[in-house]
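> here are the coordinates; sequence isn't available:
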C-alpha cells in the first residue's frame, strides 16, 4: 500500500527566498527535530540538480543510526523539485516540493508518497507509529518555518 502525506504552508517571503532555503540540503537539519540525529554525509556541496545524490544518517528509532540515500530526480528552479529515496528505511519515498507565488508570499506544498517494508506488519505499524511520526516531523517543520519566516497559515 502506498500512503500519502500532504502539507501546505504559506510563508510571507518571495519564491526566490523560499527556493534558496529549501533547495539547499544543508538547511534540512534546521527543520528536522534534533532527536532524529540528522546528519548529511555527502552530496550537499553543490546547487541542486537532477541526478544529485545526497547521503544522510538519521536516527528515527531508539537512537539507532540508519543510512538514507536520496536522489534529486526533477528540478524546475523556483517552481518544484523531487527527491526520491534510493536506499533507506522506506520501500518507496517520493517527495515533491512545490512553490507557488501568492499575494503575500509563497505557498509551499509538500506531497510525500511512501510505502513501508515488511508487508502486513508494515501496514499494521503504519497507523500506530509511522504516520504519527511523520506528522510530528512535519508539524515540527511547520513551527520552525513559522518562527523563522514570520506568520503563516495552514
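Done, it's in. Keep in mind that this is a model prediction, so the values were computed, not measured.
> which residue is nearest the centroid of the chain?
Taking Cα atoms, centre = their mean, the centroid of the chain lies closest to residue 95, which sits 6.6 Å from it.
> nearest spatial neighbour of residue 33, skipping sequence neighbours?
residue 140 (4.8 Å; Cβ to Cβ, 6 or more residues apart in numbering). Yep, even glycine has a C-beta here, placed from its N, CA and C like the rest.
> verify the stated contact: residue 30 with residue 143.
No. In this structure, residue 30 is not within contact of residue 143 by Cβ atoms under 8 Å, at 12.0 Å.
> what packs against the helix of greatest length in the chain?
Longest helix in the chain, counting residues (DSSP state H): helix 131-149. Packing partners of helix 131-149 (3 or more Cβ pairs under 8 Å, 6 or more residues apart in numbering; DSSP states H and E): strand 2-11, strand 105-115.
> in JSON lines: those strands, plus distance to residue 70, mean neighbour count and mean pLDDT.
Formatted as JSON lines, the helices and strands packed on helix 131-149 follow (distance: least, Cβ to Cβ, whole Å; neighbours: other Cβ atoms under 10 Å; pLDDT from 0 to 100):
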{"stretch": "strand 2-11", "distance to residue 70": "16", "mean neighbour count": "16", "mean pLDDT": "97"}
{"stretch": "strand 105-115", "distance to residue 70": "12", "mean neighbour count": "18", "mean pLDDT": "97"}
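> wait, which of these is closest to residue 136?
strand 2-11 (11.4 Å; Cβ to Cβ).
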